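Undergrad: coords below, sequence missing:
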């Protein structure tokens, strides 16, 4: 199922070009910008490194909303601009968290992150949500895609857009409930998770006590952002062939650079998991997602039917 894991991307010379073109002519080279990423490999050492790199990246993003709260609290930034900036931060933080979940899967099978990570990550974004609980929920999505065992299926089957938006606002709490229910027989896991969430709650209340409405403005704007982010992932990414749509758009606009390049330098390398979500489901052990354009390009060049490596499961992409 994960035959691509055996590939050594560096040995295959799969430079992660931000392109899906097969045209290597000189006239076309200027259109397709390439970037280097030392962590884009299946070698164990670099899989370990990408986990540490993404962890540091996520911690830095985790601190940004606190800076916004302080700036708003001291009248150095208007709430309007703070909310807009927080929308962007929530998008790239969520993408980083997603990569962090998969990077850990590449390194070890331990469900839990270290205590420091579980306590700090996500406080100014999703509140009590912990990376360990996020990993539990996201693993069900990949292992049981489109079935009742998939925690995301509750949202995926919601057809009413208003209800979907409301449900998505509380997806992290839904994950927490399902996690505690599933682990109810494991007393130490329950004790660990509840203790961490209580510490997070104390930190949140302390931040509110110090920063007041400035804290609420940023924190609630994150909840608003996660509503449309999660709704987009559960509906648009899994139901619409985004890859074909963006490719056709790129052809019609005749842009000097690819849409992949624009997205990459706007939202970072983790954004490629959105467009190439089918490839992500089929080969989720590839770290980071910056290599999905290169992987897709490899299949096109070598005329490999990537569906041969997939197994049947519910959903549009037929991938797990």
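TA: Sure, I can see it. Predicted model only: the values in this text are computed from it and were never measured.
Undergrad: remind me which residues of the stretch 1-150 of the chain are low pLDDT?
TA: The stretch 1-150 of the chain contains residues with pLDDT under 70 at 1-50, 105-110.
Undergrad: go on, the stretch 201-320 of the chain?
TA: Applying pLDDT under 70 to the stretch 201-320 of the chain flags residues 234-236, 285-288, 299-320.
Undergrad: mind listing the helices for it?
TA: Secondary structure of the stretch 201-320 of the chain (DSSP state H, counting those that start in this stretch): helices located at 213-231, 237-239, 242-253, 259-267, 272-275, 277-282, 292-302.
Undergrad: buried residues, the third one. List them.
TA: Along helix 242-253, these residues count as buried under the neighbour rule (16 or more other Cβ atoms under 10 Å): 242, 243, 246, 247, 250. All C-beta spots, glycine's among them, are computed from the backbone N, C-alpha and C.
Undergrad: which residues are in contact with that helix?
TA: 20, 236, 258, 259, 274, 275, 276, 277, 278, 296 (Cβ atoms under 8 Å, 6 or more residues apart in numbering).
Undergrad: how close does residue 223 get to residue 129?
TA: 11 Å (Cβ to Cβ, to the nearest Å).
Undergrad: please identify which of those two sits among more neighbours.
TA: residue 129 (23 against 16; other Cβ atoms under 10 Å).
Undergrad: tell me which element the more buried one is part of?
TA: Assigned by DSSP states H and E, residue 129 falls within no helix or strand.
Undergrad: give the contact list for it.
TA: 122, 172, 175, 176 are the contacts of residue 129 under Cβ under 8 Å, 6+ apart.
Undergrad: and if we set it to 6 Å?
TA: Going by Cβ atoms under 6 Å, 6 or more residues apart in numbering, residue 129 touches 122, 172.
Undergrad: quick check on it: phi, psi?
TA: Backbone torsions for residue 129, taken as degrees, to the nearest 10, come to phi -60, psi 130.
Undergrad: now it: how far from residue 276?
TA: Separation of residue 129 from residue 276 (Cβ to Cβ): 26 Å.
Undergrad: phi, psi for residue 151 please.
TA: According to degrees, to the nearest 10, residue 151 has phi -60, psi -30.
Undergrad: surely it meets residue 139?
TA: No. Using Cβ atoms under 6 Å as the test, residue 151 is too far from residue 139 to be in contact (9.3 Å).
Undergrad: now stretch 143-152: how far from the chain's centre is it?
TA: 17 Å (Cα atoms, centre = their mean, to the nearest Å).
Undergrad: just stretch 130-140 next, same as before
TA: That offset, for stretch 130-140, works out to 12 Å (Cα atoms, centre = their mean).
Undergrad: show me the contact partners of that stretch.
TA: 101, 112-113, 117-118, 121, 149-151, 175-176, 179, 196.
Undergrad: highest neighbour count among those residues?
TA: Tallying neighbours with other Cβ under 10 Å puts residue 121 at the head of the contacts of stretch 130-140, with 26 neighbours.
Undergrad: which of the contacts of stretch 130-140 fall within helices?
TA: With helices taken from DSSP state H, the overlap with those comprises 101, 117, 118, 175, 176, 179, 196.
Undergrad: can you give the domain ranges for this protein?
TA: According to automatic domain parsing, the chain comprises the domains 44-239, 240-320.
Undergrad: tell me who's in contact with residue 295.
TA: Under the contact definition (Cβ under 6 Å, 6+ apart), the residues listed for residue 295 are residue 279.
Undergrad: distance of it from residue 121?
TA: 28 Å.
Undergrad: how far away is residue 160 from residue 167?
TA: 9 Å.
Undergrad: looking at these two, which one has more neighbours?
TA: Using other Cβ under 10 Å as the criterion, residue 160 and residue 167 rank with residue 167 on top: 18 against 9.
Undergrad: A helix includes that one, no?
TA: Yes. Assessed by DSSP: H, G, I helix; E, B strand; the rest coil, residue 167 belongs to a helix.
Undergrad: let me see the contact set for it.
TA: Contacts of residue 167 (Cβ under 6 Å, 6+ apart): 155, 158.
Undergrad: for the one 3 residues further on, same thing?
TA: With Cβ under 6 Å, 6+ apart as the criterion, no residue contacts residue 170.
Undergrad: for it, grab phi and psi.
TA: According to degrees, to the nearest 10, residue 170 has phi -120, psi 20.
Undergrad: go on, residue 268?
TA: Dihedral angles (degrees, to the nearest 10) for residue 268: phi 90, psi 170.
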